[in-house]
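Colleague: here's my sequence, what's the structure:
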Amino acid sequence: MLQIAFIRENQEKVIKALAKRNIDAKSVVEEVVQLDENRRAAQMELDNTLSESNKLSKDIGELMKAGEKAKAAILKEKTVSLKEKSKELSEKAEALAVELTNKLYTLPNLPADIVPEGKTPDDNLNVFQEGDIPVLHEGAQPHWELVKKYDIIDFELGVKITGAGFPVYKGKGARLQRALINYFLDKNTAAGYNEVQVPHLVNEASGFGTGQLPDKEGQMYHSTIDDLYLIPTAEVPVTNLFRDVILNESDLPVLHTAYTPCFRREAGSYGAHVRGLNRLHQFDKVEIVRVEHPDNSYAALDGMVEHVKEILKELKLPYRVLRLCGGDMGFTSALTYDFEVFSTAQDRWLEISSVSNFETFQANRLKLRFKDKDGKNQLAHTLNGSSLALPRVLAGIIENYQTPEGIVIPEVLRPYCGFDIIN
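Modeller: Okay, here's the model as predicted:
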């Protein structure tokens, strides 16, 4: 979340920045500042009351030593009154602090200066494009027809077992899926990311820590009996490894990668554009997460973008990179680049990765800090990216690599698959 001290000192700047997200935040910012003033006033009165109470206690001790019990008794009556007042002020300050925090939770991150203006995905800025769009043979099909033809993914069987959006991968389809996971992890670890295996369920504090709660509560699967959430991305458990942690400056940067299944309710997603692998409730993804010094986080973001580019070059998929506009950015992000591959069979671009810098937004919630050269605790910057999400990458491979003889496996994946064609 945003830091209250920054909001207090930069009200107009915050309001202007959030306007880039098409949010009129004036009333909320004013309410936040007023709540903070009330909280600080209550805290100051509490501190003064406690100070007065402590002074009286010392005075009572001196009077008792001097044998002036009558005077000491008068002061004791005052301390009883002060203790009662302290209790009321403490409860008031705590209630105001909770109200302030809850209000801060409703404010998204401030967009970076280079985030373009805009309201919809149509306003995103295409900053890079590479790869030739293949010319497919006559009779080429979208992936949902091809997987049925070659019996490698069964959507109907997934409906039988669970419901729509939970596919079953079979035979060479399952092996290709596993090959992609291993290839992505190998690329990430070769680039210096430390592989971790993390839980697939998280508690409420973890959801709040990375900003999925309360913003995306309706999109998360919730195990109500245990009050645990199925993860929508490995970003949540991996970043929460550092909740309430103070790192040394020399520890930075920290680089982690993880493979996990991901679970998203995707409420309200209907239509042909979400057919097949295009939109799932359960899918596999390999994630990269970085904890960075604030001075280095944007250079790190550029490095993450180049890293994902390299993977897509090796897969030889046509792709483009978009800088998201203010209206299309995620709640927690300061700057996001989306990667999309072109599906020739569907004649459309498919999103396969988001790479984002959150600056201090998540770190403030997580209390993730580092000790600087002067020994002071500073908030770190957090970043994450898909490297990569599998469903649409798999769809792109199946569709763009199809031939009359079968689906050719990208050369870089053949050592992982153990075969070079699905036929």
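Colleague: which residues touch Y229?
Modeller: When contacts are counted by C-beta atoms under 8 Å, 6 or more residues apart in numbering, Y229 touches 201-204, 206-207, 212-213, 220-223. C-beta: built from backbone N, CA, C; applies to glycine.
Colleague: 10 Å - rerun?
Modeller: Each residue near Y229 by C-beta atoms under 10 Å, 6 or more residues apart in numbering is listed here: 200-204, 206-207, 212-213, 216-217, 220-223, 236, 263.
Colleague: likewise for E130?
Modeller: By C-beta under 10 Å, 6+ apart, the contact set of E130 is 309, 312-313, 317-321.
Colleague: out of the residues you listed, name the ones that lie in helices.
Modeller: If you go by DSSP state H, these have 309, 312-313 in helices.
Colleague: among the contacts of Y229, which are in helices?
Modeller: Assigned to helices by DSSP H, the following of these qualify: 204, 206-207, 236.
Colleague: including distance to E9, pLDDT and neighbour count, could the residues you listed go into JSON lines?
Modeller: Formatted as JSON lines, these follow (distance: C-beta to C-beta, whole Å; pLDDT from 0 to 100; neighbours: other C-beta atoms under 10 Å):
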{"residue": "E204", "distance to E9": "31", "pLDDT": "96", "neighbour count": "14"}
{"residue": "S206", "distance to E9": "30", "pLDDT": "97", "neighbour count": "22"}
{"residue": "G207", "distance to E9": "29", "pLDDT": "96", "neighbour count": "23"}
{"residue": "V236", "distance to E9": "31", "pLDDT": "98", "neighbour count": "29"}
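Colleague: re earlier: just the buried ones from the contacts of Y229?
Modeller: Burial by neighbour count, judged by 16 or more other C-beta atoms under 10 Å, picks out 200, 202, 206-207, 212-213, 216, 220, 236, 263 from the contacts of Y229.
Colleague: nearest to W349, of the residues you listed?
Modeller: W349 lies nearest to K216 out of the buried ones among the contacts of Y229, by C-beta to C-beta, at 23.6 Å.
Colleague: show me the residues around the residue nearest to the closest one when sequence neighbours are not counted that make contact.
Modeller: Spatially, and ignoring its direct neighbours in sequence, K216 is nearest to P232 (6.9 Å; C-beta to C-beta, 6 or more residues apart in numbering). Applying C-beta under 10 Å, 6+ apart to P232 gives the contacts 202, 207, 210, 212, 216, 219-221, 262-266, 285.
Colleague: and with 7 Å instead?
Modeller: By C-beta atoms under 7 Å, 6 or more residues apart in numbering, the contact list for P232 reads 212, 216, 219-220, 262-264.
Colleague: also K373?
Modeller: E249.
Colleague: so it lies in a strand, does it not?
Modeller: No - using DSSP: H, G, I helix; E, B strand; the rest coil, the assignment for K373 is coil, not a strand.
Colleague: phi, psi of it?
Modeller: For K373, the backbone dihedrals (degrees, to the nearest 10) come out as phi -60, psi -30.
Colleague: how about L110?
Modeller: phi -80, psi 130.
Colleague: on the pLDDT front, check K71 for me.
Modeller: Among the per-residue scores, K71 holds a pLDDT of 79.
Colleague: give me the number of residues near the closest residue to it other than its chain neighbours?
Modeller: Using C-beta to C-beta, 6+ apart and skipping the chain neighbours, the partner closest in space to K71 is L63 (5.1 Å). Burial measure for L63: 18 neighbouring residues, criterion other C-beta atoms under 10 Å.
Colleague: of the ones in helices among the contacts of E130, which is the most crowded?
Modeller: Highest neighbour count within the ones in helices among the contacts of E130: L312, with 22 neighbours (other C-beta under 10 Å).
Colleague: state the distance from R175 to A112.
Modeller: 41 Å (C-beta to C-beta, to the nearest Å).
Colleague: again with V286
Modeller: Distance of V286 to A112, computed by C-beta to C-beta: 26 Å.
Colleague: higher neighbour count, these two?
Modeller: Between V286 and A112, V286 has the larger neighbour count (other C-beta under 10 Å), namely 26 against 19.
Colleague: so, low pLDDT: which residues of this structure?
Modeller: Within the chain, the stretches with pLDDT under 70 are 267-273.
Colleague: at 90 what do you get?
Modeller: Scanning the chain for pLDDT under 90 picks out 50-84, 214-218, 266-275, 344.
Colleague: so where's the longest helix in it?
Modeller: Max-length helix for the chain by DSSP H is helix 26-65.
Colleague: list just the nearest of the contacts of E130 to L146.
Modeller: Nearest to L146 among the contacts of E130, with distances taken as C-beta to C-beta, is L317, at 15.9 Å.
Colleague: which non-adjacent residue is nearest the closest one?
Modeller: Leaving aside its chain neighbours, L317 sits nearest to V341 (4.7 Å; criterion: C-beta to C-beta, 6+ apart).
Colleague: which strand or helix spans the one you found?
Modeller: strand 335-343 (DSSP states H and E).
Colleague: list of residues touching that strand?
Modeller: Contact with strand 335-343 is made by 112, 114-115, 133, 301, 305, 308, 312, 317-324, 329-330, 349-357, 392-393, 395-396, 399, as judged by C-beta under 7 Å, 6+ apart.
Colleague: D227 against E204, yeah?
Modeller: Yes - if you go by C-beta atoms under 7 Å, D227 and E204 touch, sitting 6.3 Å apart.
Colleague: in TSV, list the contacts of P232 along with distance to D123.
Modeller: Formatted as TSV, these follow (distance: C-beta to C-beta, whole Å):
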residue	distance to D123
Q212	25
K216	22
Q219	23
M220	28
C262	27
F263	30
R264	24
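Colleague: quick check on the residue located most distally from the centre of the chain: phi, psi?
Modeller: Farthest-out residue of the chain from its mean C-alpha position, per C-alpha atoms, centre = their mean: G67, at 65.1 Å. Per-residue torsions, G67: phi 80, psi 20 (degrees, to the nearest 10).
Colleague: got it, and T344?
Modeller: phi -70, psi -40.
Colleague: got the contact list for it?
Modeller: Counted by C-beta under 7 Å, 6+ apart, T344 has contacts 133-134, 136, 399-400.
Colleague: got a ChimeraX select line for the buried ones in those residues?
Modeller: Remark: buried members of the contacts of T344, expressed as a ChimeraX selection using 16+ other C-beta under 10 Å:
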select :134,136,399,400
